[in-house]
Every structure is written in C-alpha cells, then in structure tokens.
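# output the structure for:
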Amino acid sequence: MGPIMLAFLLAALAWVLVAGNYMRERHPVCFWYLTGYPTAVVRVLGSWRKVALVNDLTVSHRPARGLVGDVIVRGEALQPVIPRISFPQATRTGLRAVVRLRPGQTPAPFIAAAEALAHAWRMHAVRVSSPERGVVRLVATASDPLERPGVASAPVALLSALLGALESGGAWVMNLRKEPHWLITGATRSGKSTLLAPLITQLAPQPVALVGIDCKGGMELGMFGSRLSALATCRREAAAVLGALVTEMQDRMRICRSADARSNWELAAKERPVPVVVIVDELAELYLGTRADRAEAEQCSTYLLRLAQLGGALGIHLVVAGQRVGSELGPGVTALRAQLGGRICHRVNDPGTAEMTLGDLNKDAVDVAQSITVEEKGVAICTGTDGGWSRARSHLTPPDEAREAAAKYADLAPELPALTRVLKALEMEEDA
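I've put the predicted structure just below:
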C-alpha cells in the first residue's frame, strides 16, 4: 500500500469518526438507527443461546431424575432447549424482542436475568414484561434517555399536566381524569418539589381551582399563592380548608342527586362545578405533633380520607407528597394511601418507603426505585393507567417561571363558597 493510499484511508477514518461523533451528539436517534441498532442485533442474536444457558432460561425434554430399579437417581437436566426469540425490532431509544416460552416456563427467570441481559447486550437497561400468557417481552434501552430528556409534547386536556419525559422517550403526563388521586414520595432533594412546580404551572391556565396545603409555612407552595384559591400554611388552617372541601363535596353530591347524575362529569357543562385539585406538600406535617395537636391531626386525616374515597367522581382530586406515608404517622394514613391510585416514587432513603409506595401495585418496580442515585434528581418511578410502570424525569421549572405563571393566570383562580366562608372566618379570628 502506497503512502498516498494510506494517507487517504487515515483521512477517511478520521472523517468517519468526526461524522460519527457529530451524529451521536446532534442526531442521536439517526445515529442509533444507522450504527447502534445493527450492532445490537448482532449481539442479541449471537449471544442469546449462551445467555439463556447461563441464566437458566432453558428447559429440557428429559427429566432431571430417573428411576434405576428401586433407586431414584437425580442429576442435571439434559439436552437443554432454548426458547425462541424474535428478530429485535428497533425503537427510538433501543430495541424490543419477544420470547416464546416453552411449556413449563414462567416469566420469573427472565425478570431475574434482566441485568445479565443488559450486560451481555451492552445496553443501559432491559425491562421484562409478560403482556400475555406464554410470551415475554424484552425492551432494551441503549443509553439512559433521562440523562438529557428532551421537551416532550402532548395534547393539552382538562386536568392533565405534562410533567416531563418517560424512559421510552414519550411524554410523562399526569391525567387526573383517568387517575383522580396521586401519591408522591421521595427523600429530601429527590425531586418532589421539582415535580409539583410543572404540575401547578401546567394546571394554572386551566379552568380549575387549586388548593394548597403546605404546613411548612408555605415555603414550597407560597410562590403559587396568587393562583391558588386557598393556601393553608399550618395544621389549624389545613383542618379548616379540608373541612370546607368536604362541605363542598357534599353540596356537589346534592347537585348530582337532583340531576340524576352519578358523577360530576355527567352534569351539563353549565351546571358542572369547577374541578378542584388539592395539593398537599409534606403529609407528615399534618400528622406529627404534640398530644395537644392530636385532635387536629385526626380531623385532617378524616377529611383527607373522605375526599379520597368520594372526591374523584365529584371533581375533587388529591395530589399528596411526602417523604414517608406509613402507619407510623398516625391512624388513617394506610387507608388514605390505599385510595391514592396513582403512585410516583423518587429516590428513597430506605427500602420501606419504596415498598409502601409501589409494593401493593407493582412489586417489580420496587427494586428499580431503590436503584435511583443521588445524582438523578427528578428521576422517579411512576405508575401508568394500564397497570404498568416506567422510569421518568420531571422537567425543571425555575422558580421565576413558576411565579410568572401564577401571576399571569391569577385572575383564573375561582372562588368556592365554602372555602370563602372559612377563609373569612380565619381572617376574623386573626384580627381578633
């Protein structure tokens, strides 16, 4: 090979490397389809037999024991049969494949082997699910799409908010019409407040009443005060506001009963009361206190439980956030948690919090929630309306942007008669 040809090949190689880096940074999806996906297909199909053998994903047509005279001889299964895997299909963030289970197989070994599959295929993660009997779906992501989540888009609907991005690359939307009540847990500085900011900012321009309960003196929700129909900053105010909402709920029951309607949404648009979203920041502050505060704490617990049980059909929705939501907080907390069907779990300090948040709905999501690191602020495990779960990351809404949105739509904050009476009574007590 002459020096001219060698120089030409080196220049071509350098150009390919530069172009590859440019495509990876500026057009990661195109780079994945052109380069990453073909390489990943070779790895998946080439290593499938070995991975299946090593991780006990095989079956045998011959028994693992035999009868020799009157003696049962036990031994290793012979002639392992590899389950069939489909040709991997490309997605925007990775690939997916379907495995047809052999008779006698269950999805459990595949779930346990998810980490091994990710290492063998050099993927960021492999999620295992079983959408139907006899089938296991493997969804692999090439890299963590939540490191730099893009601004996803989603259609705007009443009582829905675009919170961020899902690991699949789609939009993370909280829809209170589909799931009326939500529980958000996580350690300090894990992203709970970061999540509430886009939620309130997205709901601000909608015709809904926002009620804040922040017993930390309004430090977190105070910036949205101009858009809130009411803001309780201590337990006494919270008990009064929640009691007024229970009264509002009873008034709505009478309206629905007189109109022969089973929910707020079956009423005519002109007769339908405005939807209410109650946002509770740090639930523990409502429950923990001295013996003298016990009566108010129990009152708040009773009111929240009644709103959670009956409010969804009457247009009253709860979004409850806290570091822990366990029975140690007081009576009624476990019953309240059971009524909050939507779950979001950020980084936690102990396995019990992840178990309390996700264990009763999605057992396999508990381990994933515990793997969220300190550096992954805003990353959470969220449940979906289909019964599944996903990793997601909320968009960062700067405080100035949040205050601007609250001030911009302050005139949209509706007045609720029951709340107005309670707030005036509290003002009179303070003046006195």
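
# what ranges does the stretch 101-250 of the chain have for its strands?
Remark: strands assigned in the stretch 101-250 of the chain by DSSP state E, counting those that start in this stretch are 125-129, 135-141, 160-166, 171-175, 181-185, 209-214, 230-232.

# now do the helices in the stretch 201-350 of the chain.
Per DSSP state H, counting those that start in this stretch, the stretch 201-350 of the chain carries helices over the ranges 235-258, 284-287, 294-310, 333-339.

# ok, the nearest residue to residue 183 once chain neighbours are set aside - contacts?
In space, and not counting its chain neighbours, residue 183 is closest to residue 340: 3.9 Å by Cβ to Cβ, 6 or more residues apart in numbering. No exception for glycine: its C-beta is placed from N, CA and C like everyone else's. Contacts for residue 340 (Cβ atoms under 8 Å, 6 or more residues apart in numbering) come out as 181-183, 308, 318, 320.

# before we move on, what about residue 361?
By Cβ under 8 Å, 6+ apart, the residues touching residue 361 are 343, 383, 387, 389.

# re earlier: can you redo the strands of the stretch 101-250 of the chain as a markdown table with distance to residue 375?
Putting those into a markdown table (distance: least, Cβ to Cβ, whole Å) gives the following:
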| stretch | distance to residue 375 |
| --- | --- |
| strand 125-129 | 16 |
| strand 135-141 | 18 |
| strand 160-166 | 17 |
| strand 171-175 | 19 |
| strand 181-185 | 19 |
| strand 209-214 | 27 |
| strand 230-232 | 33 |
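
# of the ones you listed, which is nearest residue 275?
Nearest to residue 275 among those is strand 209-214 (7.0 Å), distances taken as Cβ to Cβ.

# packing partners of the closest one?
Under the contact definition 3 or more Cβ pairs under 8 Å, 6 or more residues apart in numbering; DSSP states H and E, strand 209-214 sits against strand 230-232, helix 235-258, strand 276-281.

# picking up where we left off before, and the contacts of residue 340, which is closest to residue 410?
Residue 410 lies nearest to residue 318 out of those, by Cβ to Cβ, at 23.2 Å.

# and that closest one, how many neighbours?
Here the count is done by other Cβ atoms under 10 Å, and residue 318 has 26 residues near it.

# how about residue 100?
Residue 100 sits with 12 neighbouring residues when counted by other Cβ under 10 Å.

# so what's the most centrally placed residue in the chain scoring on pLDDT?
Note on the chain: the residue nearest the mean C-alpha position is residue 382, at 1.5 Å, using Cα atoms, centre = their mean. Per-residue pLDDT puts residue 382 at 93.

# just residue 28 next, same as before
Per the predicted model, pLDDT is 70 at residue 28.

# how near is it to residue 216?
According to Cβ to Cβ, to the nearest Å, residue 28 stands 40 Å off from residue 216.

# residue 258 too?
Shown here: residue 258 relative to residue 216, a distance of 41 Å by Cβ to Cβ.

# of the two, who's got more company?
For residue 258 and residue 216, the more surrounded residue by other Cβ under 10 Å is residue 216, and the numbers stand at 13 against 9.

# hang on, isn't the more buried one packed against residue 283?
No - applying Cβ atoms under 8 Å, one finds residue 216 not in contact with residue 283, separated by 11.5 Å.

# re earlier: now the strands of the stretch 101-250 of the chain as CSV including distance to residue 367 and mean pLDDT?
Output for these, formatted as CSV (distance: least, Cβ to Cβ, whole Å; pLDDT from 0 to 100):
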stretch, distance to residue 367, mean pLDDT
strand 125-129, 12, 86
strand 135-141, 17, 92
strand 160-166, 19, 91
strand 171-175, 21, 91
strand 181-185, 16, 96
strand 209-214, 32, 95
strand 230-232, 37, 92
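
# TSV for those strands, including mean neighbour count and distance to residue 84?
TSV is the format used below for these (neighbours: other Cβ atoms under 10 Å; distance: least, Cβ to Cβ, whole Å):
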stretch	mean neighbour count	distance to residue 84
strand 125-129	20	16
strand 135-141	20	11
strand 160-166	23	29
strand 171-175	20	34
strand 181-185	26	40
strand 209-214	26	53
strand 230-232	25	59
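
# closest one to residue 194 among those strands?
Within those, the stretch nearest residue 194 is strand 160-166; the backing value is 9.1 Å (Cβ to Cβ).

# what packs against that closest one?
The helices and strands touching strand 160-166, judged by 3+ Cβ pairs under 8 Å, 6+ apart, are strand 171-175, helix 192-203, strand 389-394.

# now the angle from it to helix 192-203?
Orientation check (axes from the mean of the first three to the mean of the last three Cα atoms, to 10 degrees): strand 160-166 against helix 192-203 gives 130 degrees.

# not counting its own residues, what contacts stretch 85-101?
Residues from elsewhere that reach stretch 85-101, judged by Cβ under 8 Å, 6+ apart: 29, 32-33, 37, 40-41, 44-45, 48, 83-84, 107, 110, 123-124, 134-143, 145, 167-169.

# distance between it and the chain's centre?
24 Å (Cα atoms, centre = their mean, to the nearest Å).

# tell me the pLDDT of residue 385.
Per-residue pLDDT puts residue 385 at 69.

# my read: residue 252 touches residue 312, true?
No - with contact defined as Cβ under 8 Å, residue 252 and residue 312 do not form a contacting pair (11.7 Å).

# one step back: ranking the helices of the stretch 201-350 of the chain by burial, who's on top?
Across the helices of the stretch 201-350 of the chain, averaging neighbours per residue (mean count of other Cβ atoms under 10 Å) puts helix 284-287 on top, at a mean of 22.

# output the contacting helices and strands for that one.
Using 3+ Cβ pairs under 8 Å, 6+ apart, helix 284-287 is in contact with helix 235-258, helix 294-310.

# any chance of a markdown table for the ones you listed, columns mean pLDDT?
Compiled in a markdown table, the helices and strands packed on helix 284-287 are given as follows (pLDDT from 0 to 100):
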| stretch | mean pLDDT |
| --- | --- |
| helix 235-258 | 93 |
| helix 294-310 | 91 |
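
# select, out of those, the one closest to residue 225.
helix 235-258 (13.0 Å).

# burial count for the nearest residue to residue 180 once chain neighbours are set aside?
Nearest non-adjacent residue to residue 180, counting by Cβ to Cβ, 6+ apart: residue 312, 3.2 Å away. For residue 312, the neighbour count with other Cβ under 10 Å is 20.

# what about the stretch 251-400 of the chain, any weak spots by pLDDT?
292, 385-386 (pLDDT under 70).

# repeat the analysis, applying 80 as the threshold.
Residue ranges of the stretch 251-400 of the chain with pLDDT under 80: 288-293, 326-327, 330-331, 360-364, 384-388.
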